[in-house]
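In: sequence unknown, structure follows:
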DNA sequence: CCCGGTCGTCGAAGCGCTTCGACAATCGGA
DNA sequence: TCCGATTGTCGAAGCGCTTCGACGACCGGG
């Protein structure tokens, strides 16, 4: 038997080693660790001392086998490089950090494994629950998530959210808020420079919802709103912008949703003879960090990646604890006014 | 006992269920799955059929307990948002994809857990091996990695690599190549717009090595090289650049290492009366994607994040298989010439 | 025709942990 | 003073898998 074959160590110590060293039963050590039964102060301390002394760490596999809990969650990320990278990163960061606070680890799964990846990690009990980012309106994984034995939380909003748990920024109101703000400054004609058209085609919720919000607010405020997709890359942005302003020279305000486009937009406008904010006001939907590093600093509705991540993990933990949670959690957008929209619209200044 | 308590399923089927269904021993099923012993064609097929029919997936925890292999590797990422985000992302992507090819999953660990995080995942046998990114010259985790029971691979080069396994781009030669290229175009005074100074202070290898390569090549080619750190954000870049060109108007070429600075640099130069590449040539050390989306398209030495990731995983897998691997693997930089350095240096054109 | 080897399969012994039921000891209330 | 709770601890039964040794069946060579 194992106690007989040579030195007890060089190998990692097991719970049995700890029990022996502390002069208690294995189960007692387990209860000290889990706190699931009362243990006297003195015993607890003796056990803890042994644990520290031996450098004991419970074996994750054994634990997961016996307790049917792996203490790991899966995070499914869209790792097609390029799209909204910083937001994804911030989000992942928040997820890992929050998960650790709940004593869980995070398994990274890429979107391109598709439903199969989900099934695999769930069915092998590698993870206790799943966080899925970058959910599309009509996502192939959604039906799977519904029938999966393990709880899940989605970042983003599929077309039908019944039976699911979703968290996201309220992009509709974000779009709405941008236009409302611009309308308040007297702009009568605004344009939404949206996500790349592939993103709309893919049926990505946030892009559609933002656009809807923009259109809605425009109607409500009697503003004219153009919406157009916007590809990535300085050249593409410049082209789109030049074309837009030639066709519609009276556009006096832009809502930029594509964070990759923010820099190029600000770089291009002056070369087209429009200064920001004097001639054209700009509002962005992008991380605060971007907005603050831009020049001029941008009025923006930040995507609260961190808060979304934290919320998502918290919700998942509650589901793991069999609590009921709301199906949809939409975070309120907050518009922060900065230098790019500090003056009224040109038209509003005409009379002066 | 478990077979007696109600239906055999609703729960995930176990290997015992498969064995029963196929009319073989549990061990036979195991051997079919692992291929570690010969199994007759007919038996194998019968077992595989049962597996498919029952929807069996082996329990990861049980497997890891019995086999002492979790089939998971840890990926330690610097998730302090901001720094080189796209590269990190690309890298993570490649790691996950490659790991999957070796039938492994990836556990995401953040740098800010420090050595404790490493110790935890290694000691609990959550992972079989560790990939550490963003290694600093004098990294606190390095000694730990040396004594850890599990194999590891570092992305980046610490001051002392003995006893470790490291993969990285050869940044020294990358810096060297940039300057050599510029020298070849006749530039006599170049400047390296490096990483933020915090990165140098932290002792991050790649920044120091690039700088060293730049200095070296400059000396070798009789070129004057200024090197200065460069903070993030359009404003900071503009300030640094303006200052630089005022102080040293004869600088005719820039090497930009900070990928976040690439956009702002290109946006700023024209406003300072310097056109690219006519007045100032620009070479970047940044992902190809960035270089191609810039305007003008940038001559660049790409950071081959994908290749590094793939290599790192492959090396780790070989170590897991007890193969010996080289301590240091430096990838050869490849400089791609694009529009930002197509003409000779202004000085070299003087005579015309 | 016999014997040493393969081949294919089985049974059983763990792997290291959690958790349940049992039980002695102690406590407080009537 | 006695009894039912409560508290603290223990032993043992798994959790689902891998792996080792055993063993019958079958093979080919001398």
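Out: Looks like it arrived, so ask away. Values in this document were obtained by computation on a predicted structure and should not be read as measured data. Numbers count the residues shown, from 1 in each chain, chains lettered A, B, ... in the order given.
In: residue boundaries of the helices in the stretch 51-200 of chain A?
Out: A:60-67, A:85-101, A:114-123, A:141-147, A:171-184, A:197-201 (DSSP state H, counting those that start in this stretch).
In: And for the first one, what's in contact with it?
Out: With contacts defined as Cβ atoms under 8 Å, 6 or more residues apart in numbering or on different chains, helix A:60-67 is touched by A:69-71, A:125, B:59-65, B:70, B:124-126. For the C-beta atoms, the positions are set from N, CA and C on the backbone; glycine is no exception.
In: ok, of these, which come out buried?
Out: A:70-71, A:125, B:59-65, B:70, B:124-126 (16 or more other Cβ atoms under 10 Å in any protein chain shown).
In: that older thread, and DNA strand C, which of the contacts of helix A:60-67 contact it?
Out: B:62, B:65 (Cβ under 7 Å from any atom of the strand).
In: of the contacts of helix A:60-67, closest to residue B:277?
Out: Residue B:277 lies nearest to residue B:126 out of the contacts of helix A:60-67, by Cβ to Cβ, at 51.1 Å.
In: Check the offset of stretch A:283-296 from the chain's centre.
Out: 18 Å (Cα atoms, centre = their mean, to the nearest Å).
In: For the stretch 101-250 of chain A, which residues are neighbours of DNA strand D?
Out: Near DNA strand D, when you scan the stretch 101-250 of chain A using Cβ under 7 Å from any atom of the strand, you find nothing.
In: ok, now which ones touch the closest residue to DNA strand C within the stretch 101-250 of chain A?
Out: Per Cβ to the nearest atom of the strand, residue A:103 is where the stretch 101-250 of chain A lies closest to DNA strand C, at 11.5 Å. The neighbours of residue A:103, taking Cβ under 8 Å, 6+ apart as the test, are residue A:71.
In: Residue A:115 reaches residue A:146, doesn't it?
Out: No: here residue A:115 does not reach residue A:146: they are 11.7 Å apart, not a contact under Cβ atoms under 8 Å.
In: Neighbour count for these two, which is higher?
Out: residue A:115 (15 against 12; other Cβ atoms under 10 Å in any protein chain shown).
In: ok, and the residue lying closest to residue A:268 once chain neighbours are set aside, which helix or strand is that part of?
Out: Nearest residue to residue A:268, sequence neighbours excluded (Cβ to Cβ, 6 or more residues apart in numbering or on different chains): residue A:238, at 4.7 Å. Element membership of residue A:238 [criterion: DSSP states H and E] is helix A:234-247.
In: And the contacts of that helix?
Out: So helix A:234-247 is contacted by A:191, A:193, A:226, A:228, A:230-231, A:251, A:261, A:263-265, A:267-269, A:272, A:274, B:263, B:266, B:293-295 (Cβ under 8 Å, 6+ apart).
In: Settle this for me: residue A:170 is touching residue A:328, isn't it.
Out: No: Residue A:170 lies out of contact with residue A:328 (Cβ under 8 Å); the separation is 9.8 Å.
In: which non-adjacent residue is nearest residue A:132?
Out: residue A:76 (4.5 Å).
In: these two touch, right, that neighbour and residue A:114?
Out: No: the criterion here is Cβ under 8 Å, and residue A:76 misses it with residue A:114 at 9.6 Å.
In: For the nearest residue to residue A:94 once chain neighbours are set aside, grab the count of nearby residues.
Out: Leaving aside its chain neighbours, residue A:94 sits nearest to residue A:309 (3.0 Å; criterion: Cβ to Cβ, 6+ apart). Number of residues near residue A:309 (other Cβ under 10 Å) recorded here: 25.
In: Then residue A:309 would be within a strand, right?
Out: No: Residue A:309 is assigned helix when assessed by DSSP: H, G, I helix; E, B strand; the rest coil, not a strand.
In: Could you measure from it over to residue A:155?
Out: 8 Å (Cβ to Cβ, to the nearest Å).
In: Find the residues that touch each one of those two.
Out: residue A:91.
In: Which residues does stretch A:259-273 contact?
Out: Residues outside stretch A:259-273 that contact it (Cβ under 8 Å, 6+ apart) are A:82, A:84, A:86-87, A:193, A:230, A:232-234, A:237-238, A:241-242, A:245, A:254, A:256, A:275-276, A:279-280, A:282, A:284-287, A:290-291, A:294-296, A:298, B:234, B:263-264, B:266-267, B:270-271, B:295.
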